[in-house]
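Asker: structure here, sequence nowhere to be found:
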Ligand SMILES: [Mn+2]
């Protein structure tokens with residue numbers, strides 16, 4: 001039997017794990033460049049290129065308790081996918097483990113937040129605050145709106161914004177920081193996050209939030225984006241309150257390999273951060 005591809009440094013048993021990775025190969029509502037369904041395995045593959053040791057945190061990820069559940073089935077409409085994401089996240093969180101979801105497109109986040117109901121930090125070029133898009137309420141262009149309906153708009157923040165529709169401005173979207181603000185001076189963001197992260201927070205990373213120079217393989221690339229180092233600022237602000245992570249909107253067919261690599265590395269940095277001895 002061929003062995004299934006797993007994220008690097010995955011441990012053997014679910015029971016002994018602290019961090020549970022699973023993939024959601026879903027891109028049925030994607031509006032521009034599709035292919036995000038191929039990302040979970042691409043991220044797993046590239047994860048083997050890296051050392052398990054985080055220089056920044058001084059933490060070795062070997063035996064840190066990462067378990068990789070594999071992928072959920074491929075769905076062609078969001079409703080079934082969201083139900084399955086909800087039930088997997090329910091199992092992981094009920095077992096006191098930390099969920100790490102590999103997208104897939106951004107609509108996947110709704111399934112996780114429906115269960116976790118925490119504050120949400122989005123990294124994204126787009127506000128994703130449309131009520132519907134192309135007739136679909138669960139489109140990737142509506143995810144921040146749906147999530148806001150669950151946890152309240154005041155509990156959602158998006159970082160890296162540089163593309164908003166007139167409709168979204170009219171509706172009054174969630175709090176956001178543009179990439180221009182963050183790139184010129186990130187002190188406002190840091191002090192906001194210190195306050196915002198005083199209760200459980202979920203981090204959802206749409207890779208188009210980063211500049212296309214760092215993350216070219218995304219569905220809807222937008223110039224003038226973030227430097228991925230912003231992740232360090234977020235982790236340093238979130239304290240012990242980080243409760244889940246997803247990486248989404250990566251499209252390997254448009255990638256030169258760097259985007260999947262960045263995703264794998266960010267997952268490692270998040271786990272390294274969580275593995276730091278608690279103060
Ligand atoms: Mn986006």
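Answerer: Now that the structure is in, tell me what you want to look at. Quick caveat: nothing in here was measured; it's all calculated off a predicted structure. Numbers count the residues shown, from 1 in each chain.
Asker: which parts of the stretch 151-279 of the chain sit against the ion?
Answerer: Residues of the stretch 151-279 of the chain lying close to the ion (CB under 5 Å from the ion) are 206, 208. Using the backbone N, CA and C atoms, a C-beta is placed for each residue, glycine as well.
Asker: now do the helices in the stretch 151-279 of the chain.
Answerer: Ranges of helices within the stretch 151-279 of the chain are 166-171, 179-184, 187-196, 230-238, 258-275, based on DSSP state H, counting those that start in this stretch.
Asker: tell me how far the closest residue to the ion within the stretch 1-150 of the chain lies from residue 241.
Answerer: The ion sits closest to residue 126 of the stretch 1-150 of the chain, with a gap of 3.8 Å, by CB to the ion. Distance of residue 126 to residue 241, given as CB to CB, to the nearest Å: 25 Å.
Asker: of those two, who's got more company?
Answerer: The neighbour comparison of residue 126 against residue 241 (other CB atoms under 10 Å) goes to residue 126, with 27 against 15.
Asker: what residues are up against that one?
Answerer: Residues near residue 126 by CB atoms under 8 Å, 6 or more residues apart in numbering: 141, 161, 163, 164, 206, 208, 220, 222.
Asker: residue 218 versus the nearest residue to the first one once chain neighbours are set aside, what's the distance?
Answerer: Spelled out, it's residue 141. Nearest residue to residue 141, sequence neighbours excluded (CB to CB, 6 or more residues apart in numbering): residue 133, at 3.8 Å. Counting by CB to CB, the gap from residue 133 to residue 218 is 17 Å.
Asker: show me where this protein has its strands.
Answerer: 19-24, 53-54, 59-60, 66-71, 98-103, 119-123, 156-161, 175-178, 201-206, 242-248 (DSSP state E).
Asker: save those as CSV, and put in mean pLDDT and mean neighbour count too.
Answerer: Listed next are the strands of the chain as CSV, based on pLDDT from 0 to 100; neighbours: other CB atoms under 10 Å:
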stretch, mean pLDDT, mean neighbour count
strand 19-24, 98, 25
strand 53-54, 90, 16
strand 59-60, 90, 17
strand 66-71, 96, 20
strand 98-103, 98, 25
strand 119-123, 98, 25
strand 156-161, 98, 26
strand 175-178, 98, 18
strand 201-206, 98, 27
strand 242-248, 98, 24
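Asker: relative to residue 261, which of those strands is closest?
Answerer: strand 242-248 (11.7 Å; CB to CB).
Asker: which strands or helices does that closest one pack on?
Answerer: helix 39-47, helix 78-94, strand 98-103, helix 108-116, strand 201-206, helix 258-275 (3 or more CB pairs under 8 Å, 6 or more residues apart in numbering; DSSP states H and E).
Asker: try 6 Å
Answerer: strand 98-103, helix 108-116, strand 201-206 (3 or more CB pairs under 6 Å, 6 or more residues apart in numbering; DSSP states H and E).
Asker: export those to TSV and tack on distance to residue 14?
Answerer: Below are those laid out as TSV (distance: least, CB to CB, whole Å):
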stretch	distance to residue 14
strand 98-103	12
helix 108-116	18
strand 201-206	21
